[in-house]
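Undergrad: With the sequence up front, the predicted model follows.
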Amino acid sequence: MARLLALLSLALLPLALLGGCASVSAGADFDPGVQLDRYRTYNWGGGDSLPVGDPRLDDNPFFDARVRAAVDLELAAHGLRRVTTSPDLLVHYHASVRQRVDVIRADEAVGYSSPRAERSDIVLEFDEGTLIVDIAEPTAKSILWRGWAQTNVGGLIERPREMEQRIRESVRLMMRKFPRTM
């Protein structure tokens, strides 16, 4: 029975790991001495000339629009208003996709560890997407706040609605670290 349970656990492990890869890791950093809550307006700064790393997303106007819409939504929720002249802040983003390979010890991944237990490795290959959002002071163009999110984007690039949802989730999670201005 224990052997059957172990085999079943190993059979279900790839499904659990794939579900885990869909999670978003997000964070932010900023100078604590800067009072971000005193700013009220923003606009988008210049575009990014760096390639995303996937030809389906490089220079893709739909991807760009999805990222900008997600950021606009979150900044509005934080009390910032987008203006076209004399903004208090400039917003800029960069996205990248790279192939990742993770090797996971199968028995350790399901919580087992024993010198007698057979061990096997599971190799996971996936496309990791990284989104970085910078918020800068327009005159000095110094970054005041940087947010980032990383997630598995494998298969999402071909499914635009799901990609849009993942972008929204990523931006929402990173913006939790942005101070409210209202």
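TA: Received, thanks. Residues are numbered from 1 along each chain as shown.
Undergrad: Would you map the helices across the protein?
TA: Remark: helices assigned in the chain by DSSP state H are 2-21, 61-77, 106-109, 160-175.
Undergrad: By mean pLDDT, show me the worst of the ones you listed.
TA: For the helices of the chain, the weakest mean pLDDT is recorded on helix 2-21, namely a mean of 39.
Undergrad: For the residue nearest the centre of the chain, list each beta-bridge partner.
TA: Nearest to the geometric centre of the chain sits residue 149, at 2.5 Å (Cα atoms, centre = their mean). Note on residue 149: beta-bridge partners residue 26, residue 131, judged by DSSP bridges.
Undergrad: residues in contact with it?
TA: 24, 25, 26, 27, 130, 131, 170, 171, 173, 174 (Cβ atoms under 8 Å, 6 or more residues apart in numbering). C-beta coordinates here come from the backbone N, C-alpha and C atoms, glycine included.
Undergrad: Give me the distance between the two termini of stretch 79-95.
TA: Terminal residues of stretch 79-95 are spaced 25 Å apart (Cα to Cα, to the nearest Å).
Undergrad: I would like the residues contacting that stretch, please.
TA: With Cβ under 8 Å, 6+ apart as the criterion, stretch 79-95 contacts 39-46, 48, 50, 52, 57, 63, 67-68, 71-72, 75-76, 129-138, 141, 144, 180-182.
Undergrad: now with 7 Å?
TA: Contacts to stretch 79-95, defined as Cβ atoms under 7 Å, 6 or more residues apart in numbering, come from residues 39-45, 48, 50, 52, 57, 67, 71-72, 129-138, 180-182.
Undergrad: buried ones in stretch 39-58?
TA: Buried residues in stretch 39-58, defined by neighbour count with 16 or more other Cβ atoms under 10 Å: 39, 41, 42, 43, 45, 52, 53, 54, 57.
Undergrad: Looking at it now, give me its mean pLDDT.
TA: Per-region confidence: stretch 39-58 scores 87 on mean pLDDT.
Undergrad: Next, the distance between the ends of it.
TA: OK, stretch 39-58 end separation, Cα to Cα: 32 Å.
Undergrad: and if you look at stretch 154-163?
TA: 10 Å.
Undergrad: same check, this time on stretch 81-88
TA: One end of stretch 81-88 to the other measures 10 Å (Cα to Cα).
Undergrad: what's the average pLDDT for that stretch?
TA: 96.
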